[in-house]
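**Student:** sequence plus predicted model, see below.
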Amino acid sequence: MIKWLFFDLGSTLIDERECTEYRTQELLKQKNSPGRDVLEAHMKMYAAMNRLPYIDTAKEFGLETVKWPKHLERLYDKVPSILEKLRKKYQMGIIANQSLGTENRLIKFGIRHFFDVVIASAEAGIEKPDPAIFQMALRDACCNPEEAYMIGDRLDNDIAPAAQIGMHTIWVRQGAFAAGNIALIGHEPDVIVDDIENILEYL
């Protein structure tokens, strides 16, 4: 019986499209830039290898990366209503690789009250894909792995390590990692959706 749902944040609950576009534009301004079509093709190529699309593409072309523009993050439109519905059936938590201040960001987005457990890498001192960060969240929740789903956008950081310790998984194919390759991780997600709202069909 499923008792808990654990969510990633970026490109799962938080829409990062404006952030990605900003960083792409900053790469395009640099003299070594090969142009948008080539940059985007290489980003997709690296995503399909379960690598880091932006960072690896920038390295390949000798481009300087820019700081993540947190001010451009937005919730996906229906996230509050989705969480409201799920909260009636499950306890919920966050397991995310984030810089300091995740609790405050959740408050700013108006969704902190939905989550009983919040585990963010900066405060925890561990980051995904280390299975220990998932185990930490399960301990805090007093939850067995088989009683929980991990819901995230990255096969390497969310799906594979959660499945490795016995959690159920939902891969949300949103954002830069939507082109990920399941064959490279050795764990088939239990559910695959193309929009966060579609998880309601399975939970």
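**Tutor:** Thanks, I have the structure now. Numbering: from 1, shown residues only.

**Student:** show me what contacts the closest residue to residue 109 other than its chain neighbours?
**Tutor:** Nearest residue to residue 109, sequence neighbours excluded (C-beta to C-beta, 6 or more residues apart in numbering): residue 75, at 5.3 Å. (Each C-beta comes from the backbone N, C-alpha and C, glycine too.) Contact analysis of residue 75 by C-beta atoms under 8 Å, 6 or more residues apart in numbering lists 13-15, 109-111.

**Student:** tell me the two of those residues that are most distant?
**Tutor:** Greatest spatial distance among the contacts of residue 75 (C-beta to C-beta): 15 and 110, at 14.4 Å.

**Student:** if we can go back for a sec, tabulate the contacts of residue 75 (CSV), appending distance to residue 149 and secondary structure.
**Tutor:** Shown next, in CSV, are these (distance: C-beta to C-beta, whole Å; DSSP: H, G, I helix; E, B strand; the rest coil):
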residue, distance to residue 149, secondary structure
13, 14, coil
14, 18, strand
15, 21, strand
109, 21, helix
110, 23, coil
111, 18, coil
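
**Student:** which one of these is nearest to residue 135?
**Tutor:** residue 13 (21.9 Å).

**Student:** counting neighbours, what do you get for that closest one?
**Tutor:** By the criterion of other C-beta atoms under 10 Å, residue 13 has 26 neighbours.

**Student:** and if you look at residue 74?
**Tutor:** 13.

**Student:** hang on, it packs against residue 14?
**Tutor:** Yes - using C-beta atoms under 8 Å, residue 74 is in contact with residue 14, at 7.0 Å.

**Student:** pretty sure residue 170 belongs to a strand, no?
**Tutor:** Yes - under DSSP: H, G, I helix; E, B strand; the rest coil, residue 170 falls within a strand.

**Student:** bridge partners for it, pull those for me.
**Tutor:** Per DSSP bridges, the residues bridged to residue 170 are residue 151, residue 191.

**Student:** surely it meets residue 153?
**Tutor:** No - counting by C-beta under 8 Å, residue 170 stays clear of residue 153, with 10.1 Å between them.

**Student:** more neighbours, residue 15 and residue 110?
**Tutor:** residue 15 (20 against 11).

**Student:** so what pairs up with the more buried one in the strands?
**Tutor:** residue 74.

**Student:** how many residues are close by residue 152?
**Tutor:** That count, for residue 152 with other C-beta under 10 Å as the rule, works out to 28.

**Student:** if I look at the residue lying closest to it once chain neighbours are set aside, how far off is residue 111?
**Tutor:** Closest residue in space to residue 152, ignoring its immediate chain neighbours: residue 158 at 2.7 Å, by C-beta to C-beta, 6+ apart. As judged by C-beta to C-beta, to the nearest Å, residue 158 and residue 111 stand 18 Å apart.

**Student:** gap between the residue with the largest distance to the centre of the chain and residue 62?
**Tutor:** What lies farthest from the middle of the chain is residue 31; by C-alpha atoms, centre = their mean that is 31.5 Å. Distance, residue 31 to residue 62, using C-beta to C-beta: 10 Å.
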